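**Student:** The sequence and its predicted three-dimensional model are supplied below.
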Amino acid sequence: MAPLPQWLGRRLYPDAVSDLFPSLADLHRLKPAQQPRYDDPAELARVVAELRRRPPLVFAGECDDLRSKIAEVAQGRAFILQGGDCAETFASVTAANIRGKLRVLLSMAVVLTYAAQVPVVKLGRIAGQYAKPRSNDSETREGVTLPAYRGDAVNALAFDPESRRPDPQRLVEVYNHSAATLNLVRAFVKGGLADLRTVHSWNSDFVRNSQVEERYEKVSAEIARALSFMVACGIDDNSFRTVDYYASHEALLLEYEHALTRIDSRTQTPYDTSAHMIWIGDRTRQLDGAHIEFLRHLRNPIGIKVGPTTTPDDAVALIERLDPDHEPGRITVISRMGAAKVRDLLPPIVEAVEATGRKVAWVCDPMHGNTYSTELGYKTRAFDEVVSELQGFFDVHQELGTWPGGVHMELTGDDVTECVGGADEVAEQDLAHRYETACDPRLNRNQSLELAFLVAERLADDAIRREANPVQSFSPKDF
């Protein structure tokens, strides 16, 4: 996409805040990676102006609350559970789908919290994960070449010229669907769905007939007994009924993220109000690039994806750029090395960052480094490889005496067949049954819950907890 003219940059971002934040024109002069090529800059300008008039999707105070919780993770006193769709679609924004994704994360959080006895920060890949970076700008089928599908925020999945044309109006639809999603999520988590006292009933049909049912029901029964005891003793806290749930997505499309950036009235500092936490991907983390320049001015908690090409010096330089003041809870490093590489590549990165004196939250993404294609063309992941990378992540931190602070997964609340293996023994020939993802394969609900038990076992390991977290601070509010 050609750089925007200076007059358009000034129009889209007022001079009154130009000393606090770079304009879109400034960012485009840095030639940002992974941006759509829109046909009509004037139409794009109108869309951005419209988004600037919309109310924020999240609030600065909520971002501050999340940052304080991530600071606890960095100190070894909490754990991040981050999960959701690879790429959200407009069609998937239904009450049933949102409820299903929420339930699987809450189920996993219950297992992790009760087994590991640490607070779990619940962070969804939700209400904004509509854009995806691509390896190639175009896709060719049977001699026809069209723009690659970059997520519903940019174009449509159908393979025809009109569907694949990048359409700026889709950014407004991202906002509308994200607002609807957040409204429903807030209603669910504050309106009774997350009530621990009904942990049996709200999951009774969720794990029925699954291979993890017995283990989950045992945990549920123990929680129910513990809560009954506390109520009998006169403890009936509202924190048993509700949870804090935060939204996150990759900050990929600069027009959208920039348009939803607001100056907080309390602090006169900029927040990206499209999500509580945003992260920067492995393809857009150029140190002198537009995305880093954008993120470094924000007050949101920031995630950094690091992959096999990331060197220890790269990681330190990125963190220095994004967090020059060593602010607690500011940075979450999300590693995505692959099962075969994590034990070799992750330790020097952890050691280099720890040597700076910073305490960041270390999170494992065991999904993106373990993708392969079957002979029939299905992109999939093997559950055993996902587990292997997680085990390697925990092994690295156990050996270094650091805290394995979280897991970042692509999952769904549906009974899809997109990843092979797990307790249900999904085979490659089963993938065609319910392969529904718009981009990368996701764990289904049983695979997700099975993985939660494996993570809980590692978190509960006495050796890790003694080395990395000698003093626990725990409150029922943090369920």
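**Tutor:** Now that the structure is in, tell me what you want to look at.
**Student:** quick one: N446 and K31, what's the gap?
**Tutor:** From N446 over to K31 the distance is 44 Å, taken as CB to CB, to the nearest Å. Heads up, the C-betas are built off the backbone N, CA and C, glycines and all.
**Student:** Same question for E436.
**Tutor:** Distance from E436 to K31, by CB to CB: 36 Å.
**Student:** Counting neighbours around each, name which of N446 and K31 comes out higher.
**Tutor:** Higher neighbour count among N446 and K31: N446, with 22 against 12, using other CB atoms under 10 Å.
**Student:** Is that one located within a helix, as I assumed?
**Tutor:** Yes: per DSSP: H, G, I helix; E, B strand; the rest coil, N446 lies within a helix segment.
**Student:** Let me know whether it touches V426 as I believe.
**Tutor:** No: judged on CB atoms under 8 Å, N446 makes no contact with V426 at a distance of 9.4 Å.
**Student:** Which residue ranges of the stretch 51-200 of the chain form helices?
**Tutor:** Along the stretch 51-200 of the chain, counting by DSSP state H, counting those that start in this stretch, helices occupy 60-74, 95-116, 161-164, 169-190.
**Student:** List the buried residues for the shortest one?
**Tutor:** For helix 161-164, the buried set under the neighbour-count rule, 16 or more other CB atoms under 10 Å, comprises R164.
**Student:** Roughly how far does L171 sit from P347?
**Tutor:** Distance from L171 to P347, by CB to CB: 41 Å.
**Student:** Poorly predicted segments of the protein, please.
**Tutor:** For the chain, residues meeting the criterion pLDDT under 70 lie at 1-19, 194-214, 216, 220, 223-232, 234-241, 462-479.
**Student:** Strands along the stretch 251-400 of the chain, start to end?
**Tutor:** When assigned using DSSP state E, counting those that start in this stretch, the strands of the stretch 251-400 of the chain occupy the ranges 261-263, 270-272, 277-280, 302-306, 331-335, 361-364, 371-373, 379-381.
**Student:** Which of these sits closest to G406?
**Tutor:** G406 lies closest, by CB to CB, to one member of the strands of the stretch 251-400 of the chain: strand 361-364, at 3.8 Å.
**Student:** Parallel or antiparallel, which strands does that closest one pair with?
**Tutor:** Using DSSP bridges, the strands paired with strand 361-364 are strand 331-335 (parallel), strand 406-410 (parallel).
**Student:** Name the residues that touch it?
**Tutor:** With contact meaning CB atoms under 8 Å, 6 or more residues apart in numbering, strand 361-364 is reached by 70, 73-74, 80, 82, 303, 329, 331-335, 342, 350, 389-390, 393, 397, 402-408.
**Student:** Check the offset of that strand from the chain's centre.
**Tutor:** Computed by CA atoms, centre = their mean, to the nearest Å, the separation of strand 361-364 from the middle of its chain amounts to 12 Å.
**Student:** Then stretch 404-416?
**Tutor:** Distance of stretch 404-416 from the chain centroid (CA atoms, centre = their mean) equals 9 Å.
**Student:** Next: stretch 26-44.
**Tutor:** The chain centroid and the centroid of stretch 26-44 are separated by 25 Å, computed with CA atoms, centre = their mean.
**Student:** what's the answer for stretch 154-171, then?
**Tutor:** Distance of stretch 154-171 from the chain centroid (CA atoms, centre = their mean) equals 24 Å.
**Student:** which outside residues touch it?
**Tutor:** For stretch 154-171, contacts defined as CB under 8 Å, 6+ apart pick out 36-40, 43-44, 46-48, 51, 89, 131, 139, 141, 144, 146-150, 152-153, 253, 255-256, 259, 438.
**Student:** Distance-wise, check T332 relative to S248.
**Tutor:** For T332, the distance to S248 (CB to CB) stands at 9 Å.
**Student:** Could you name every residue contacting both of those two?
**Tutor:** Both T332 and S248 are contacted by 277, 279, 303, under the criterion CB under 8 Å, 6+ apart.
**Student:** Looking at neighbours, which among the residues you listed is most surrounded?
**Tutor:** In terms of neighbour count, G303 stands highest of the shared contacts of T332 and S248 at 28 neighbours, by other CB under 10 Å.
**Student:** and it, what is it in contact with?
**Tutor:** Residues near G303 by CB under 8 Å, 6+ apart: 248, 277-280, 331-334, 363.
**Student:** if we take the residues you listed, which one ends up nearest to D415?
**Tutor:** Using CB to CB, S248 comes nearest to D415 of those, at 25.0 Å.
**Student:** what residues are up against the closest one?
**Tutor:** Counting by CB under 8 Å, 6+ apart, S248 has contacts 82, 123-126, 128, 275-279, 303.
**Student:** And S178, by the same measure?
**Tutor:** Neighbouring residues of S178 by CB under 8 Å, 6+ apart: 57, 127-128, 130, 247, 274.
**Student:** What about F453, how many residues nearby?
**Tutor:** Residues lying near F453 (other CB under 10 Å) number 17.
**Student:** now S68
**Tutor:** Neighbours of S68 under the rule other CB under 10 Å: 12.
**Student:** Out of the contacts of S248, who's the most crowded?
**Tutor:** When neighbours are counted by other CB under 10 Å, G128 leads the contacts of S248 with 33 neighbours.
**Student:** What sits closest to that residue if chain neighbours are left out?
**Tutor:** In this structure, G128 finds its nearest non-sequential neighbour in H249, 3.7 Å apart by CB to CB, 6 or more residues apart in numbering.
**Student:** Could I get the buried residue list for the one helix or strand the one you found maps to?
**Tutor:** Here H249 sits within strand 245-250, counting by DSSP states H and E. Residues 245-250 are the ones in strand 245-250 that count as buried (16+ other CB under 10 Å).
**Student:** What would that strand look like as CSV? C-alpha coordinates only.
**Tutor:** The C-alpha trace of strand 245-250 is given here as CSV (Å, rounded to 0.1, in the frame of the first residue of the first chain):
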residue,chain,number,x,y,z
TYR,A,245,-12.0,-12.0,31.6
TYR,A,246,-9.8,-10.0,29.2
ALA,A,247,-9.7,-9.7,25.4
SER,A,248,-6.5,-9.9,23.2
HIS,A,249,-5.5,-10.1,19.6
GLU,A,250,-2.6,-9.5,17.3
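**Student:** what distance separates it from the centre of its chain?
**Tutor:** Here the centre of strand 245-250 is set off from its chain's centre by 6 Å, with CA atoms, centre = their mean.
**Student:** in its sheet, what does that strand sit against?
**Tutor:** Short version: by DSSP bridges, strand 245-250 pairs with strand 120-125 (parallel), strand 277-280 (parallel).
**Student:** got CSV for the ones you listed, with distance to E375 too?
**Tutor:** Formatted as CSV, the strands paired with strand 245-250 follow (distance: least, CB to CB, whole Å):
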stretch, distance to E375
strand 120-125, 29
strand 277-280, 33
